[in-house]
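Student: Curious how this folds, go ahead:
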Amino acid sequence: MNYNNLTFLELEKKTSLDADELEDELESLDEEGLIERVSVDKERDLNQFGITEKGERMYKKYMRNHFDTAEG
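Tutor: This next block holds a predicted model:
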């Protein structure tokens, strides 16, 4: 599933986080350079986010480690 360029509202629907928790999590991921804000709108629900190259590498590494450990 491609999570690139999803709006805040779409991300909120895909997680169990409330809007404020999701905003905090997205801000943290943005500060780490794993995602970026693609667009900023006055209406928070319309803000778009994309996964950076660093974020894609971290995700692939996580999945590799997760499945390597599971097969262990």
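
Student: Need the residues that contact the strand or helix carrying Lys13.
Tutor: Using DSSP states H and E, Lys13 sits in helix 8-14. Residues from elsewhere that reach helix 8-14 (CB atoms under 8 Å, 6 or more residues apart in numbering): 3, 6, 18-19, 22-23, 26, 44-49. Every residue, glycine included, has its C-beta placed from N, CA and C.

Student: 10 Å instead?
Tutor: Under the contact criterion CB atoms under 10 Å, 6 or more residues apart in numbering, helix 8-14 has outside partners 1, 3, 6-7, 17-19, 21-23, 25-26, 35, 37, 41, 43-49.

Student: What remains of these if I keep only buried residues?
Tutor: Buried subset of these (neighbour count, 16 or more other CB atoms under 10 Å): Leu6, Thr7, Leu22, Leu26, Ile35, Asn47, Gln48, Phe49.

Student: And the average pLDDT for the longest helix along the chain is what?
Tutor: The residue-count maximum for a helix in the chain (DSSP state H) belongs to helix 53-71. Across helix 53-71, the average pLDDT comes to 81.

Student: Just the closest of the buried ones among the contacts of helix 8-14 to Met58, please.
Tutor: Ile35 (10.5 Å; CB to CB).

Student: Not counting its neighbours along the chain, what's nearest the closest one?
Tutor: Leaving out its chain neighbours, the residue that sits closest to Ile35 by CB to CB, 6 or more residues apart in numbering is Leu29, at 4.6 Å.

Student: and the buried ones among the contacts of helix 8-14 as TSV, adding pLDDT and distance to Met58?
Tutor: As requested, the buried ones among the contacts of helix 8-14 are arranged in TSV below (pLDDT from 0 to 100; distance: CB to CB, whole Å):
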residue	pLDDT	distance to Met58
Leu6	86	18
Thr7	91	22
Leu22	94	19
Leu26	93	15
Ile35	93	10
Asn47	91	22
Gln48	92	20
Phe49	92	15
